[in-house]
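In: give me a 3D structure for the following:
(one chain, ligands or ions: 2)
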Amino acid sequence: MSEVSELSDLEKAFLQPYLPPGISKHDDTVQVPLRTTPIDRSHTEIAAQAEESSLPFVTLTYACSLDSMISLAPGLRTTLSGPETKSMTHYLRTHHDAILVGVGTAIPDDPGLNSRYPGATLIMQPRPVVVDPEMRWNVNGSKLAQLAQRGQGKAPWLIHTPRKVEMEPSHDLVGKRIFITAEAATPSEQTQELSKRRNISWSAILKNLKAEGIESVMIEGGATVISTLLSMPELVNSVIVTVAPTWLGQGGVTVSPAPKTDAGERVNAARLQETTWHQFGADAVLCGRLQL
Ligand SMILES: NC(=O)C1=CN([C@@H]2O[C@H](COP(=O)(O)OP(=O)(O)OC[C@H]3O[C@@H](n4cnc5c(N)ncnc54)[C@H](O)[C@@H]3O)[C@@H](O)[C@H]2O)C=CC1
Ligand SMILES: Nc1nc(O)c(N)c(N[C@@H]2O[C@H](COP(=O)(O)O)[C@@H](O)[C@H]2O)n1
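Out: Ligands and ions are numbered 1, 2, ... in the order given. Next comes the predicted model:
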């Protein structure tokens with residue numbers, strides 16, 4: 001039996017206002033009746049903006065514990081989602097053109113980043129994108145490469161900073177390499193880890209993906225990527241968080257945006273608005289949009 005099962009109509013209807021606009025690769029979305037709540041009106045406005053924008057529709061999504069942790073320790077792949085929220089993740093993957101993670105996730109997790117949702121064909125698969133500025137990740141033998149070779153996923157695209165030509169590996173298993181010059185970190189990118197060196201601006205990453213035909217991106221992690229983007233509401237359209245009923249304990253990998261001040265006073269770093277909750281199995285799923 002598949003580890004991933006179909007969502008109920010109720011679950012699909014709950015997620016629908018937070019999905020990217022446009023015709024879905026997964027035709028069951030059209031069977032879900034559109035809601036007429038204020039959330040829908042806002043979704044329609046956001047959809048219109050996304051079409052005109054030079055940016056793709058961006059969904060931030062991850063699974064965390066009650067202590068806001070996404071793994072037990074750096075580099076330790078940790079299962080938080082139950083079977084129902086795992087199925088939700090695979091449903092979401094079929095509704096996005098691309099799925100993006102940082103190299104800090106790609107190396108230790110060796111993820112598949114494809115959709116195992118029932119009936120998902122190759123055309124419905126998201127394009128895996130790994131932000132790997134210094135070419136640390138070896139695609140050879142990775143699960144991503146194996147899935148692409150078997151026709152169960154698309155070949156990954158990698159985002160690098162420009163390298164000298166002789167250092168640039170050529171690799172059939174890589175769908176595309178996108179080179180973007182890094183720049184000094186902006187205040188909101190100055191998380192503990194990223195502030196140590198120059199970063200690629202998120203706006204540049206997303207614009208490059210849009211220029212390559214990517215209309216929607218599901219950003220799955222890891223902690224550095226998610227924590228950074230939580231401070232960039234202008235780039236993020238939807239946030240979908242699975243909260244598992246467990247505490248991982250101190251020393252885990254935490255999602256938490258950089259601290260924010262206003263007139264010298266500490267204020268909340270990020271906040272969701274237009275929130276909706278739904279229970280999937282033992283987990284709670286919170287959907288919302290970041291307040292500007
Ligand atoms: N529970 C969940 O939903 C998920 C959990 N995880 C966990 O997260 C952990 C990994 O988190 P992190 O170590 O923070 O790794 P990460 O996946 O956030 O990658 C961080 C790295 O990506 C690159 N990067 C990211 N943004 C960049 C930018 N703007 N410019 C240049 N380079 C950039 C840098 O090399 C950076 O060191 C793992 O333990 C993994 O299992 C990862 C995804 C989802
Ligand atoms: N939604 C969710 N729940 C969890 O419990 C997780 N550990 C993750 N991790 C993310 O999913 C990737 C693994 O994907 P595959 O199953 O290999 O396709 C992992 O790398 C994280 O990005 N997500």
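In: give me the beta-bridge partners of the residue nearest the centre of the chain?
Out: The centroid of the chain falls nearest to residue 219 when counting by CA atoms, centre = their mean (1.2 Å). Assessed by DSSP bridges, residue 219 has beta-bridge partners residue 60, residue 100.
In: touching, it and residue 58? I think so.
Out: Yes: in terms of CB atoms under 8 Å, residue 219 counts as a neighbour of residue 58; the distance is 6.3 Å. No exception for glycine: its C-beta is placed from N, CA and C like everyone else's.
In: flag every residue of the chain that's near ligand 1.
Out: Within the chain, the positions near ligand 1 by CB under 6 Å from any ligand atom are 62-63, 70-71, 74-77, 80, 101-105, 108-109, 131, 133, 193, 199-200, 202, 220-225, 253.
In: ok so, going back, just the pLDDT at the residue nearest to the centre of the chain, thanks.
Out: At residue 219, the predicted lDDT confidence score is 98.
In: which residues touch it?
Out: For residue 219, the contacting residues are 58-61, 99-101, 225-226, 229, by CB atoms under 8 Å, 6 or more residues apart in numbering.
In: how near is it to residue 253?
Out: As judged by CB to CB, to the nearest Å, residue 219 and residue 253 stand 16 Å apart.
In: repeat that for residue 121.
Out: When residue 121 is compared with residue 253 (using CB to CB), they lie 34 Å apart.
In: and for residue 240?
Out: 19 Å.
In: do residue 60 as well
Out: Distance from residue 60 to residue 253, by CB to CB: 16 Å.
In: cool, and residue 156?
Out: Distance from residue 156 to residue 253, by CB to CB: 23 Å.
In: circling back: buried only: go through the residues of the chain next to ligand 1 for me.
Out: 62-63, 70-71, 80, 101-105, 109, 131, 133, 199-200, 202, 220-225, 253 (16 or more other CB atoms under 10 Å).
In: those residues: which ones sit near ligand 2?
Out: 63, 80, 101, 105, 109, 220-221.
In: now the residues you listed as JSON lines including distance to residue 206?
Out: Supplementary listing: those in JSON lines, determined by distance: CB to CB, whole Å:
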{"residue": "63", "distance to residue 206": "23"}
{"residue": "80", "distance to residue 206": "26"}
{"residue": "101", "distance to residue 206": "15"}
{"residue": "105", "distance to residue 206": "18"}
{"residue": "109", "distance to residue 206": "22"}
{"residue": "220", "distance to residue 206": "15"}
{"residue": "221", "distance to residue 206": "16"}
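In: so which of the residues you listed belong to strands?
Out: 63, 101, 220-221 (DSSP state E).
In: okay, and the beta partners of the residue lying closest to residue 243 once chain neighbours are set aside?
Out: Using CB to CB, 6 or more residues apart in numbering and skipping the chain neighbours, the partner closest in space to residue 243 is residue 284 (4.6 Å). Using DSSP bridges, the beta-bridge partners of residue 284 come out as residue 243, residue 279.
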